[in-house]
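Asker: Need a 3D model of the sequence below.
(2 chains)
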Protein chains: 2
Amino acid sequence: MNISGNSPPELPLPTVLALSGGIGGAKLALGLAHVVPPEKLMIVGNIGDDFVHFGQHISPDLDTLMYTLSGTADTEKGWGLANESWNFMQALKKLSGTSGACDETWFQLGDQDLATHLERTRRLAKGETLSQITTDFCRKFGIEARIIPASNDAVRTIVETPEGDLAFQNYFVQKRCEPIVSGLRFQGAENALPTPEFMEMFRNQLLQAVVICPSNPILSIDPILAIRGVREALRECSAPVIAVSPIVGGDAVKGPTAKIMRELGHPVSATAVANYYCDFLDGFIVDFQDEAEIPEIQKMDVSVKATETLMTDLETKTVLANTVMDFSRHCGNRTFISQKNGL
Amino acid sequence: MNISGNSPPELPLPTVLALSGGIGGAKLALGLAHVVPPEKLMIVGNIGDDFVHFGQHISPDLDTLMYTLSGTADTEKGWGLANESWNFMQALKKLSGTSGACDETWFQLGDQDLATHLERTRRLAKGETLSQITTDFCRKFGIEARIIPASNDAVRTIVETPEGDLAFQNYFVQKRCEPIVSGLRFQGAENALPTPEFMEMFRNQLLQAVVICPSNPILSIDPILAIRGVREALRECSAPVIAVSPIVGGDAVKGPTAKIMRELGHPVSATAVANYYCDFLDGFIVDFQDEAEIPEIQKMDVSVKATETLMTDLETKTVLANTVMDFSRHCGNRTFISQKNGL
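Answerer: Below is the predicted model:
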C-alpha cells in the first residue's frame, strides 16, 4: 500500500538479503550494491538504536545505510552526512546554556541530517510506515538497492548497567559506552512484526543468499534476530546464510563490540561470533588474522573462509562483497545444515 | 514558579507595557528598549500567528521580537535571523520532491532558527510555559527587557476566506495573503487566560504607560485584545494608553494590513485604526502625512500627535520611542477618558 497517492512501479523481488547495523555493516552493504545488481539487493537495517530526541524519530542505522549507499556519508567521521554544517547545534548550545534546563546537546544533529529526522517524523505522524518512508527517502537519495527497517514496530535496545537501564543512544553517545554492560534486552522485539518485505524474501524461491554484515552481533544484529519469527526464518531458509566476522585479530575494528562481548562474558573472537549465529549459519568469513580459529568454527558444521576483511575504500568493500557472493555459492548445502539443526 | 530548578533573581516590576505583533511593532519595541531602562520595559507579543509545523511550536512574533531586541534579526528580510544558513531547507527540499507526499517546504526554517523552535517545543512538552521559556530564551539572547507571550494558552488566528478557513500562516506565508479575507476569528481567545505577568502590570501603581506598537491592529493587536480580560484591563488601567498608527499616508508600511482592512470594509486610514482602539485609547500618534485626519480622531476624545513614524534605522526607532514616552506624559487624563466610557 502506498498512502502517498502515486504507486511506485512494481519492482522484481530482490534475491540477495543483507542484515546490517550501522557503520561496519554499511561498508559491506555498499560493496554488495556494487557487485549485485542493485535492484536484486535488499538490506534490512537494525532499528534497535532508534530513539526519539527533540520529538524526532531518529533511525541511526537506517540513516547510515542510506547515506553510505548514496555516497553522501561522512566516511571520515563514520556517521552523518559529508559537507554537513552545524549551525543548528551552535544555536541550540546558545539556548541551552546553564539555565538548569536539561541540556540536550549531547547528540549531534547536523543541519542537513535534521531534514531526514523532521521529514521522517512528520510522515510517521501522518500514518506512513517507517518502511514506506525509508523506501521513498532512498529513491530521493538515488539509491537503487532497497533499504528496509527490520520492523515497522518499535524495537528498542536497552543496555543494562550497574547504574541502571540505559536507552541505547544514552549508553552509546551520551555515556560514550563507559558503563559496564551487564545485560541487553530488546524492548518490544517479542511483539514486533518483521517488515512484510523482509519476510517475503524468505518465501522467494530465487533467494540466492542471506548476508549477515560485519556489524556488532550483540548490538546491531541481535535486535533484528530478536524480532518475532526472524531467527526461525533464517534457520529454515532455503538459501545459504553467510556471516562476515566483525572481529579482526581478536579485536573489533571499531566501536564497543569487544568491550561489550568481554563484559557479557563472551571471548572476543571470531569463534564467539560464529557461535552466536551457528543455529542458522552456513558459511562464515573470518579475517586472515583469525585463521587459527577456523578448525574450532568448522566444528559447528559451518563452512569457513579466511580473507582480508578490513574495508578501507570502495575497492576493498567490493572485493569483500564479491568474496561473500562467491562463497555463498559454495556453501549452500542447506539440506545438511537444516538436518544438523533438526529442522 | 520556575520549574527548571534555579530561580531567576527577583526583578523590579516594569513600568512601561508595550503590546506588539512582529516586524513593525518590534521596531518600536527596540526603540523603547533604548529610551526606557530595559528592566522597566515589558513587551507582550501576539501569539495568534503561532502554529505547529513539523511538530514544532513556532511563535513568529515572539521570535521576531526576540531576534530584533537582541540585534540578531535579519533586518533586510524582515524576519528570521541575520547570517542564517539554509542547509536544512535544502536537504528537506531534496527529500520532499515529487513523491506525492505533501510538500511542507513552504515555510522557511533557517538552521539557527530551528534551534529556537525545537528547544521551545522540547520544553513545552516537559511542561514549561511559553512565558517561562520565552523569558529564559531572552536571557540567553542577552535581552534585558521582558518579552512575554499574551497568553500561555493557545490563541489561533483563523482567516476566513471564500475558499474556506485558513490558519494564519497558511494564509500569510503559504497563500501569500492572496485570498480575500471575509472575516477573522481568534480560536481559543475567549477561554485563554492572559499571562499573569501581563495582568500584573495593570495592578502596578507605578505603571507609566501602555504602548500599542504600530502593528496590524486586526491581525496582530486584536488577537491580544481578544484574550479574556485584556480589553477591559486596558479600559480600566490607570496609566495612559498610547497607540502608534501603522498607517502612513493612507497605506500600510508593509504587509497585508491595508488589503485586509479594505476587504473587511474598513477605510485604510489612521482614523480607522484609532476607531479600533478608541474605547481604551488616551493618545494616538499619526504620521505627518496623515495630519489631516487629526480633527476626526480628536472627536473620539483622544489626544493626537503627528510625527515622523517611519522607522528606518535605530535612530528613527529611538526618536519615535522618545516621542511616544513624552506624549504619554501629556495625555494622561485618565479620569476623563474613563468617564467617557462610562467606567
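Asker: what residue ranges in the stretch 201-343 of chain A score low on pLDDT?
Answerer: Residues of the stretch 201-343 of chain A meeting the criterion pLDDT under 70: A:332-343.
Asker: residues in contact with the residue in it positioned nearest to chain B?
Answerer: Residue of the stretch 201-343 of chain A nearest chain B, by C-beta to the nearest C-beta: residue A:314 (23.2 Å). Where C-beta positions appear, they are placed from N, C-alpha and C, glycine not excepted. Residues near residue A:314 by C-beta atoms under 8 Å, 6 or more residues apart in numbering or on different chains: A:30, A:31, A:34.
Asker: Now do the strands in chain A.
Answerer: Using DSSP state E, the strands found in chain A span residues A:16-20, A:41-45, A:51-53, A:56-58, A:146-149, A:156-161, A:164-167, A:183-187, A:209-212, A:241-244, A:247-248, A:251-252, A:283-287, A:303-307.
Asker: Can you convert these into TSV and add a column each for distance to residue B:64 and mean neighbour count?
Answerer: Listed next are these as TSV, based on distance: least, C-beta to C-beta, whole Å; neighbours: other C-beta atoms under 10 Å in any protein chain shown:
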stretch	distance to residue B:64	mean neighbour count
strand A:16-20	46	27
strand A:41-45	41	28
strand A:51-53	27	17
strand A:56-58	25	21
strand A:146-149	40	26
strand A:156-161	40	21
strand A:164-167	37	14
strand A:183-187	43	17
strand A:209-212	54	28
strand A:241-244	55	27
strand A:247-248	56	22
strand A:251-252	51	16
strand A:283-287	59	25
strand A:303-307	61	19
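Asker: Distance to chain B for those - can I get that in a markdown table?
Answerer: Shown next, in a markdown table, are the strands of chain A (distance: least, C-beta to the nearest C-beta, whole Å):
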| stretch | distance to chain B |
| --- | --- |
| strand A:16-20 | 22 |
| strand A:41-45 | 17 |
| strand A:51-53 | 9 |
| strand A:56-58 | 8 |
| strand A:146-149 | 14 |
| strand A:156-161 | 19 |
| strand A:164-167 | 16 |
| strand A:183-187 | 21 |
| strand A:209-212 | 28 |
| strand A:241-244 | 31 |
| strand A:247-248 | 35 |
| strand A:251-252 | 32 |
| strand A:283-287 | 35 |
| strand A:303-307 | 37 |
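Asker: Isn't residue A:270 up against residue A:287?
Answerer: Yes - using C-beta atoms under 8 Å, residue A:270 is in contact with residue A:287, at 7.3 Å.
Asker: shared neighbours of these two, anything?
Answerer: With C-beta under 8 Å, 6+ apart as the test, residue A:270 and residue A:287 both reach A:245, A:247.
Asker: what about the residue lying closest to residue A:213 once chain neighbours are set aside, how many neighbours?
Answerer: Excluding its sequence neighbours, the residue lying closest to residue A:213 (C-beta to C-beta, 6 or more residues apart in numbering or on different chains) is residue A:25, at 3.4 Å. Other residues within reach of residue A:25, judged by other C-beta atoms under 10 Å in any protein chain shown, total 29.
Asker: For residue A:25, list the residues it contacts.
Answerer: Residue A:25 sits next to A:18, A:19, A:46, A:61, A:65, A:213, A:214, A:215, A:220 when contact means C-beta under 8 Å, 6+ apart.
Asker: dump the residue contacts of the fifth one.
Answerer: For residue A:65, the contact set (C-beta under 8 Å, 6+ apart) comprises A:20, A:22, A:25, A:26, A:29, A:43, A:45, A:147.
Asker: Go again with 6 Å.
Answerer: A:26, A:29, A:43, A:45, A:147 (C-beta atoms under 6 Å, 6 or more residues apart in numbering or on different chains).
Asker: my read: residue A:60 touches residue A:49, true?
Answerer: Yes - with contact defined as C-beta atoms under 6 Å, residue A:60 and residue A:49 form a contacting pair (4.8 Å).
Asker: need the residues of the stretch 51-200 of chain A near chain B, please.
Answerer: Within reach of chain B by C-beta under 6 Å from any C-beta of the partner chain, the stretch 51-200 of chain A has these residues: A:54-55, A:85, A:87-88, A:91-92, A:94-95, A:97, A:99-101, A:111-112, A:114-115, A:118-119, A:122, A:136, A:140.
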